[in-house]
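[1] with the input below, show me the fold.
(one chain, ligands or ions: 1)
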Amino acid sequence: MGVNAMPILSLLRHGESLWNEENRFTGWVDVPLTNKGREEAIRAGLLLKKYKFDVAYTSKLQRAIETLDLVMLTLGYSIPVIKDEHLNERHYGDLQGLNKEETARIYGEDQVKLWRRSYKVRPPNGESLEDTQKRTVPFFKNTIMLDLKNGKNVLVVAHGNSLRSIVMFLENISEEDIPHLEIPTGLPIIYDVAWDNKNSKLIINSKTILK
Ligand SMILES: O=C(O)[C@@H](CO)OP(=O)(O)O
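    Numbering: from 1, shown residues only. Predicted coordinates for the structure are as follows:
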C-alpha cells in the first residue's frame, strides 16, 4: 500500500556550449551549442533509446532546448515539452562573459571556487546555489514530481548548476558535500524512483549515469 512502483527520471545537462568551450562564465547568457555539443546531444539520445519518455522539461535557454530537440530527433518520437525559466542556469551576475581562468588569477582560486561551487556564496549580483534551489526545487515539486507520482517517465534537460540544485534535493546532499558534485555535459543520469504514499515523498531506488 505504502510505496507505488514508479517510472524513471532522467536528468541531462546540455552538450558543450560555445562558452563552455571558451571557458567563460555563462549563466543566463543565451549561447548556442558547439558542434561537439550537438554530437554529445545525439549520443545522449542514443543512450536514452532504451526508455520511453512521456514528457520533457527544459529551460528557456537555447543550449538546453537544442540539446532536447536533438535527443528527441534521435529518439524518433515526440512528447509534450515544457520550457520554463525556473530550470535556467544559475544567474552568474557580473561574472557572466568573463574567462574563468582569468577571473581566478584576478580574484584568487579560492574565491572563484566559492562562487562556483559553494551553496551560499553569491557571485557579485548573481545567484548562489541556494538562490537557484529556491526556484528549481519548488518548480520540480509542483510539476516534475507530480508527473512521476502519476507514473510518467520524465526527461529533464537543463544546466550544470540548476541540475546540481535539483540533485542536491533528490539525494539529500549536505551543504558541506555539495561543492564536490559535478554534472558532466551530455551524459544522462537515470533515477529509478518510487512514490512513498505514507510520507508523501519521492524515493530514489537507484541512480545510473549512462556513458
Ligand atoms: O558558466 C556557467 O554558467 C556554469 C556552467 O557551465 O559554469 P560553472 O561550472 O563554473 O558553474
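[2] assign a three-state SS to the closest residue in space to residue 205 that isn't next to it in sequence, would you?
    What sits nearest to residue 205 in space, not counting adjacent residues and going by C-beta to C-beta, 6 or more residues apart in numbering, is residue 192, at 4.3 Å. The way it works is simple: take the backbone N, C-alpha and C, and place the C-beta from them, glycine included. At residue 192 the chain is in strand, as set by DSSP: H, G, I helix; E, B strand; the rest coil.
[3] any idea what residue 192 is bridged to?
    Taking DSSP bridges as the rule, residue 192 bridges to residue 8, residue 206.
[4] right, and it touches residue 204 too?
    Yes. Using C-beta atoms under 8 Å, residue 192 is in contact with residue 204, at 7.4 Å.
[5] quick revisit: burial check on the residue nearest to residue 205, number of neighbours?
    By the measure other C-beta atoms under 10 Å, the count of residues near residue 192 is 15.
[6] can you tell me which residues contact it?
    Applying C-beta atoms under 8 Å, 6 or more residues apart in numbering, we find residue 192 in contact with 6, 8, 204, 205, 206, 207.
[7] I'd like those residues as CSV, with neighbour count appended.
    Formatted as CSV, the contacts of residue 192 follow (neighbours: other C-beta atoms under 10 Å):
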residue, neighbour count
6, 21
8, 20
204, 13
205, 12
206, 9
207, 15
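[8] tell me the one of these nearest the ligand?
    residue 207 (20.6 Å; C-beta to the nearest ligand atom).
[9] up against the ligand, what does the chain have?
    Neighbours of the ligand within the chain, by C-beta under 6 Å from any ligand atom: 20, 25, 26, 27, 89, 92, 116, 160, 161.
[10] so which of those residues sit within helices?
    Members of these lying in helices (criterion: DSSP state H): 20, 116, 160, 161.
[11] for the second one, give me its contacts.
    What it means is residue 116. When contacts are taken as C-beta under 8 Å, 6+ apart, residue 116 is in contact with residue 100.
[12] quick one: contacts for the spatially most central residue of the chain?
    Most central residue of the chain, judged by C-alpha distance to the mean C-alpha position with C-alpha atoms, centre = their mean, is residue 163 at 2.8 Å. Listed by C-beta under 8 Å, 6+ apart, the contact partners of residue 163 are 11, 13, 156, 183.
[13] show me the shaky parts of the chain.
    1-5 (pLDDT under 70).
[14] what helix or strand does residue 105 sit in?
    If you go by DSSP states H and E, residue 105 is part of helix 100-107.
[15] report the buried residues of that helix.
    100, 103, 104 (16 or more other C-beta atoms under 10 Å).
[16] ok, stretch 30-40 next?
    Neighbour-count burial for stretch 30-40 flags 31, 33, 34, 37, 38, 40 (criterion: 16+ other C-beta under 10 Å).
[17] and for stretch 72-79?
    Buried residues in stretch 72-79, counted by 16+ other C-beta under 10 Å: 72, 74, 75.
[18] same question for stretch 147-157.
    Buried residues in stretch 147-157, defined by neighbour count with 16+ other C-beta under 10 Å: 147, 148, 149, 152, 153, 154, 155, 156, 157.
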